[in-house]
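In: Build me a structure from this.
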Amino acid sequence: MKYAVIDIGSNTVRLAVYLTDGDNFSPVFSQKYTIGLAGYVTDGFLQPEGIRKACDTLLQCRSLIALFDGIAETYVFATASLRNVQNTQEAVDQIFMVTGFSVDVLSGQAEAYLDYYGVLHEAPLENGLLFDIGGGSTEIVTFAHDGPGLIESLPIGSLNLAQAYVEKIFPKQKEKEAMLGKIHKTFRKRKLHRLPAFPHLCGIGGTARTLLALVQAQQDLPESQRVITLAQIRTLEKALWKRDTDARNLLLQNCPDRLFPIYPGLLILDALLDLTECESVYVSKYGVREGYLRRKLNQNQNQKTEHSLH
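Out: Residues are numbered from 1 along each chain as shown. Modelled structure (predicted):
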């Protein structure tokens, strides 16, 4: 059977189609739309133009899904893009009226757990710390062989930091310091400075994937390499913070859709690397979308089991 999953984020909307067999699944198609919903938030409210942008994008997703035979179900969820606005219900209602899609707005805790649940499908790490630096929030989960420990969702992301502090694409020194101050203040408020050392981190989401692509391009690493060392990350950061022509070309050639949020995202990552005394980062192919699908498949299986018992 095939299932479609649509993830409405603060920076992008992602459509993924999966082929499933029981609890197992494999991705067969994906499409990303960069629409920057966080840029349509004013005084805490998602503006009508932003809601229309989301609706237009979801209608494009619907048209693509119609090209696939045998889609059993389409699941649509939103993270900080709709969670962190004052008019969540209005946006959800309007999306349903225009597109017919019911949007499941995840809490920060649920998003963080589904990040972990998705990574479990393929991550080679038995213990460590998982992070997902999104556009509107950052999720952190510590985990060991017996399951997750700390689960946190922080209200700072690569896009909302950029909008709040950065005037142009390359942050000035004062803007960089202001963002670092906000990041460290948020970490202290959530008592993350008390975390033990985690030499091996697992990164998921757009910032982590962009980091991996930039390191691979700059240091001529094979695309199959998904583990990057602290030294490799520092080499990339040193080049990017020169904010010169080489840095601009590296970004334009490898992540043109993330020029604005990449620097704030790297600052959040930097704070995590220092906090955890990190030695390496594994960048997972999977994350919240796969976690969401796994949960839905399990729920469907449980419902079938209950029905058969009756």
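In: Point me to the helix or strand that includes Leu130.
Out: strand 128-133 (DSSP states H and E).
In: Provide the strand pairings for that strand, with the direction of each partner.
Out: Partners of strand 128-133 in the sheet, by DSSP bridges, are strand 138-144 (antiparallel), strand 200-204 (parallel).
In: residues near the closest residue to Gln232 other than its chain neighbours, how many?
Out: For Gln232, ignoring the flanking residues on the chain, the nearest one in space by C-beta to C-beta, 6 or more residues apart in numbering is Val215 at 5.2 Å. C-betas here are computed from N, CA, C, even on glycine. Other residues lying near Val215 total 22 when counted by other C-beta atoms under 10 Å.
In: need the contact list for Val215.
Out: Leu221, Ile228, Gln232, Ile233, Thr235, Leu236 (C-beta atoms under 8 Å, 6 or more residues apart in numbering).
In: Spatially, which two of those are the most separated?
Out: The distance between the two most remote of the contacts of Val215 (C-beta to C-beta) is 12.1 Å, for Leu221 and Ile233.
In: These two: which is more packed in?
Out: Ile233 (21 against 15).
In: residue contacts, the more buried one?
Out: Ile233 neighbours (C-beta under 8 Å, 6+ apart): Leu211, Val215, Leu269, Leu273, Val281.
In: change it to 10 Å
Out: Contacts for Ile233 (C-beta atoms under 10 Å, 6 or more residues apart in numbering) come out as Leu211, Leu212, Leu214, Val215, Leu266, Leu269, Asp270, Leu273, Cys278, Ser280, Val281.
In: In helices only, show me these.
Out: Leu211, Leu212, Leu214, Val215, Leu266, Leu269, Asp270, Leu273 (DSSP state H).
In: Mind putting the contacts of Val215 into a markdown table with distance to Arg194 and pLDDT?
Out: Converted to a markdown table, the contacts of Val215 look like this (distance: C-beta to C-beta, whole Å; pLDDT from 0 to 100):
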| residue | distance to Arg194 | pLDDT |
| --- | --- | --- |
| Leu221 | 34 | 96 |
| Ile228 | 26 | 97 |
| Gln232 | 28 | 98 |
| Ile233 | 24 | 97 |
| Thr235 | 30 | 97 |
| Leu236 | 29 | 97 |
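In: Can you tell me the closest non-neighbouring residue to the residue nearest the centre of the chain?
Out: Taking C-alpha atoms, centre = their mean, the centroid of the chain lies closest to Gly205, which sits 3.4 Å from it. Nearest residue to Gly205 in three dimensions, chain neighbours excluded: Asp132, at 4.2 Å (C-beta to C-beta, 6+ apart).
In: hang on, the earlier thing: how about the strands paired with strand 128-133, which one is nearest Leu15?
Out: strand 200-204 (17.6 Å).
In: what mean pLDDT would you report for that closest one?
Out: Average pLDDT, strand 200-204: 94.
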